[in-house]
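[1] Let me see the structure of the following:
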Amino acid sequence: MDIYADRATLAAALNHAAAVADRKAGNPDLSAVYLSITDRALVVSACDTEAGVRVTMGIEGHAGEVVATSAADLTRAVRALDGDTVRLCRDGRGRLEVSAGRSSYRLPVLAEASEHRITARADCKVSAAGVAHLGAALGAVAHAIGTADRYGLNGIHVEREGDALRFVATDGHRLAVATCAADVIGDVPPKLLLPRRMAEVAAKHTAGQVCVDLGGDGTAEIAAGGVSWTFRLLDGEFPDYRAILPESYRTRAVVARDALVGAVKRVSIVTGRAGDAVPAQVAISAAGEVQISARTADHGEASDIISADVEGPALIVGLRPSYVLDALAMFDAAEVQIETNEPLGPVRISAVGGGERYAIIMPMRLS
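    The predicted structure is shown next:
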């Protein structure tokens with residue numbers, strides 16, 4: 001191996017690899033980054049037991065082998081070098097020499113390196129671009145994913161609706177739904193649960209085209225901007241979330257989104273370390289206002305009133321402040337609506353005039 005690569009481009013590729021490589025893995029293959037060259041292109045890849053990444057970049061030079069070394073060590077070395085161009089070659093002892101200008105590193109390599117990959121079978125191809133695209137939709141619902149030990153709730157459910165995909169996540173206390181217009185080729189495999197890690201990757205690529213292959217073999221692949229990630233899908237039966245959704249709501253309050261965010265943040269200060277253990281009381285008044293309040297023995301009480309357009313009877317519900325803020329972060333709209341039927345019934349939060357996304361929060365009992 002003897003190649004020259006743009007340092008900034010190589011550093012960006014290694015950042016992706018280092019984020020996937022498992023530094024604590026007992027298997028060195030899973031903590032390594034793999035460098036291979038095909039047709040004047042360098043492929044930088046890494047993989048752990050749950051995800052893999054491959055980045056292809058142009059280079060100058062030649063090679064006929066795959067070289068593997070510590071992802072963390074190589075990433076730090078390339079970041080630390082000066083200059084615009086980095087040389088990668090083998091030294092006389094077979095180590096990977098990384099140099100730029102008068103600075104150089106010599107890193108040990110894995111013997112008989114063979115790239116460890118998670119391969120995806122494309123049973124369903126999805127592409128989406130623009131404002132309402134796949135990456136943003138996945139990112140919008142990720143906050144509601146349940147913990148890793150919640151079987152069936154620890155991922156994002158996917159279902160097709162015409163020319164769109166719907167993504168749903170719940171932890172048993174709240175629900176987030178986002179719909180994304182997309183070009184879908186093939187059938188969406190049933191019982192798909194996308195891992196949180198996949199949602200986080202997709203959410204970072206919201207500016208351009210995002211393509212996804214959903215495989216019935218338990219894998220999914222994301223491709224965006226010359227980088228591809230492969231993920232193992234989760235096992236589990238997602239619950240019938242529609243069973244908790246009311247057909248209609250009796251009480252509806254329309255408020256300015258920013259005003260509601262500010263009120264919840266101010267009131268949640270008094271909950272202190274108790275956090276979500278102390279609910280915020282949300283009182284919807286027929287007089288055309290919503291009062292947010294909270295009270296604790298250690299930090300006193302707080303109250304904030306915002307104007308609202310109210311339909312239906314007055315109602316008081318108790319909601320976790322962080323759940324409300326997470327729900328409001330799903331929307332860019334100037335106004336949102338709060339809908340509910342009873343003090344302990346589901347509370348629906350959505351943007352006014354926008355049915356693509358909504359959140360459901362189960363209230364807490366007020367003392």
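[2] where does the stretch 251-367 of the chain have low pLDDT?
    272-276 (pLDDT under 70).
[3] Could I get the full set of helices for it?
    257-268, 321-328 (DSSP state H, counting those that start in this stretch).
[4] The longest one to helix 321-328, inter-axis angle?
    Pointing back at helix 257-268 there. 170 degrees (axes from the mean of the first three to the mean of the last three C-alpha atoms, to 10 degrees).
[5] For helix 257-268, buried residues please.
    257, 259-260, 263-264, 267-268 (16 or more other C-beta atoms under 10 Å). Heads up, the C-betas are built off the backbone N, CA and C, glycines and all.
[6] Pull that helix out as PDB, backbone CA atoms only.
    The C-alpha trace of helix 257-268 is given here as PDB (Å, rounded to 0.1, in the frame of the first residue of the first chain):
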ATOM      1  CA  ARG A 257     -45.700  26.900  20.100                       C
ATOM      2  CA  ASP A 258     -42.900  29.100  21.300                       C
ATOM      3  CA  ALA A 259     -45.100  30.500  24.100                       C
ATOM      4  CA  LEU A 260     -45.900  27.000  25.300                       C
ATOM      5  CA  VAL A 261     -42.200  25.900  25.200                       C
ATOM      6  CA  GLY A 262     -41.200  28.900  27.300                       C
ATOM      7  CA  ALA A 263     -44.000  28.400  29.800                       C
ATOM      8  CA  VAL A 264     -43.100  24.700  30.300                       C
ATOM      9  CA  LYS A 265     -39.400  25.500  30.700                       C
ATOM     10  CA  ARG A 266     -40.100  28.200  33.300                       C
ATOM     11  CA  VAL A 267     -42.500  26.100  35.300                       C
ATOM     12  CA  SER A 268     -40.200  23.000  35.200                       C
END
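[7] which residues touch it?
    280, 290, 292-294, 302-307, 321-322, 324-325, 328, 331, 333-336, 351 (C-beta atoms under 8 Å, 6 or more residues apart in numbering).
[8] Which members of the residues you listed are classed as buried?
    Using 16+ other C-beta under 10 Å, the buried ones in the contacts of helix 257-268 are 280, 290, 292-294, 302, 304, 306, 321-322, 324, 328, 331, 333, 335-336, 351.
[9] Surely residue 229 touches residue 47?
    No - under the criterion of C-beta atoms under 8 Å, residue 229 is not in contact with residue 47, lying 10.1 Å apart.
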